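*Asks:* Quick check, what structure comes out for this input:
(one chain, ligands or ions: 1)
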Amino acid sequence: METQESIRQMVKEKYTEIAKQSSLRKRSCCGTGQNVVIMTEDYSDIANIVEGETVLDLGCGAGNDVFVARSLVGEKGKVIGVDMTEEMIARAEANKKKLGLANVEFRLGEIEALPVESQTVDVVVSNCVLNLVPDKEKAFSEIFRVLKPGGRFAISDIVTTGNLPKNVRTAAELYAGCIAGAMPKEQYMDLITKAGFDASVKKERIIGLPDEALDLYLSKEEIVRFRESKSEVLSISAGGKRP
Ligand SMILES: C[S@@+](CC[C@H](N)C(=O)[O-])C[C@H]1O[C@@H](n2cnc3c(N)ncnc32)[C@H](O)[C@@H]1O
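*Replies:* Numbers count the residues shown, from 1 in each chain. As a prediction, the model looks like this:
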């Protein structure tokens, strides 16, 4: 049986392999899906990062978004990237060294137990990560804990409408990646509200799954039933504020 720990271990193994590849995709390391380019929405205009702020990037991978945030916070700000995969942190550290940046820090740790002091962060960002986290309730309560009162978050992620049948999930994972742990949008937003945030979905896009992708795992009848169910995979950007 899959436990939260075994899921975390599987995710870690997958991203250890990806980190060992010589070149990571520029925008995202969403994994082995053939169509990763179609993945998450851009959240930069939702984050509205300004000079001097402290930004935390959850599941920072090799650090792409950390370096973008660093260019916005400038010399007086600070950016922290957290990732649980040692190899990703090593790549991020190597990239930091190449760029010669001082006020950027990478920390090894889990989003469900952030290695960050309470109420020290202005903005939390995260791209294509929370769908991979088995305990999303804990993740959102950790985001709330580390944010200063009035602090905000901007997250891009994958969610679903309705409950995707297991074979559709498998086909979608192969097609686009980052879908296996995605939960229904309402449930996802409820968890964010329950953590104490005033939050909403700012952008949303359907990731269309073509018949050729579903064909691999579903019979013709199952594809018809899936189409009729109106269940979808969605890429969303959500933003919110800690009161
Ligand atoms: C799809 S990649 C996204 C990386 C980066 N945000 C980007 O857009 O390029 C997911 C990253 O999240 C990390 N990750 C997944 N689950 C995590 C967790 N529970 N705690 C910390 N990091 C996690 C993985 O190690 C991996 O580096």
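*Asks:* what's the average pLDDT for stretch 198-205?
*Replies:* For stretch 198-205, the mean per-residue pLDDT is 95.
*Asks:* Same question for stretch 18-35.
*Replies:* For stretch 18-35, the mean per-residue pLDDT is 60.
*Asks:* next one: stretch 116-132
*Replies:* Average pLDDT, stretch 116-132: 96.
*Asks:* What residues of it count as buried?
*Replies:* Buried positions in stretch 116-132, judged by neighbour count with 16 or more other C-beta atoms under 10 Å: 116, 121-132. Every residue, glycine included, has its C-beta placed from N, CA and C.
*Asks:* Export those as a markdown table, with columns for secondary structure and distance to the ligand.
*Replies:* Formatted as a markdown table, those follow (DSSP: H, G, I helix; E, B strand; the rest coil; distance: C-beta to the nearest ligand atom, whole Å):
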| residue | secondary structure | distance to the ligand |
| --- | --- | --- |
| 116 | coil | 12 |
| 121 | strand | 16 |
| 122 | strand | 19 |
| 123 | strand | 15 |
| 124 | strand | 12 |
| 125 | strand | 9 |
| 126 | strand | 7 |
| 127 | strand | 4 |
| 128 | coil | 4 |
| 129 | coil | 4 |
| 130 | helix | 8 |
| 131 | helix | 9 |
| 132 | helix | 4 |
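*Asks:* residue boundaries of the helices in this protein?
*Replies:* For the chain, applying DSSP state H gives helices covering 4-20, 44-47, 64-73, 86-99, 136-146, 166-176, 185-194, 211-215, 220-229.
*Asks:* closest to residue 204 out of those?
*Replies:* Residue 204 lies closest to helix 185-194 among the helices of the chain, at 8.1 Å (C-beta to C-beta).
*Asks:* Pull out the buried residues from that closest one.
*Replies:* So, applying 16+ other C-beta under 10 Å, buried residues of helix 185-194: 185, 188, 189, 191, 192.
*Asks:* how far out from the middle of the chain is the worst-scoring helix or strand of the chain on mean pLDDT?
*Replies:* Scoring the helices and strands of the chain by mean pLDDT, DSSP states H and E places helix 166-176 at the bottom, with a mean of 81. Averaging C-alpha positions (C-alpha atoms, centre = their mean, to the nearest Å) puts helix 166-176 18 Å from its chain's average.
*Asks:* cool, stretch 145-153 as well?
*Replies:* In this view, stretch 145-153 has its centroid 18 Å away from the chain centroid, taken as C-alpha atoms, centre = their mean.
*Asks:* Just confirm yes or no for it near the ligand.
*Replies:* No - Stretch 145-153 stays out of contact with the ligand when judged by C-beta under 6 Å from any ligand atom, the minimum separation being 13.5 Å.
*Asks:* can you give me the mean pLDDT across that stretch?
*Replies:* The pLDDT scores in stretch 145-153 average 98.
*Asks:* now swap in stretch 212-226 and tell me
*Replies:* Mean per-residue pLDDT for stretch 212-226: 89.
*Asks:* got the buried residues for that stretch?
*Replies:* Across stretch 212-226, burial judged by 16+ other C-beta under 10 Å covers 213, 214, 217, 218, 223, 226.
*Asks:* Same check on stretch 94-113?
*Replies:* 95, 96, 101, 104, 105, 106, 110, 111, 112.
*Asks:* Isn't the first one up against residue 67?
*Replies:* Yes - using C-beta atoms under 8 Å, residue 95 is in contact with residue 67, at 7.1 Å.
*Asks:* if we can go back for a sec, between the least confident helix or strand of the chain and helix 220-229, what angle do the directions make?
*Replies:* In this structure, helix 166-176 runs at an angle of 90 degrees to helix 220-229, with axes from the mean of the first three to the mean of the last three C-alpha atoms, to 10 degrees as the basis.
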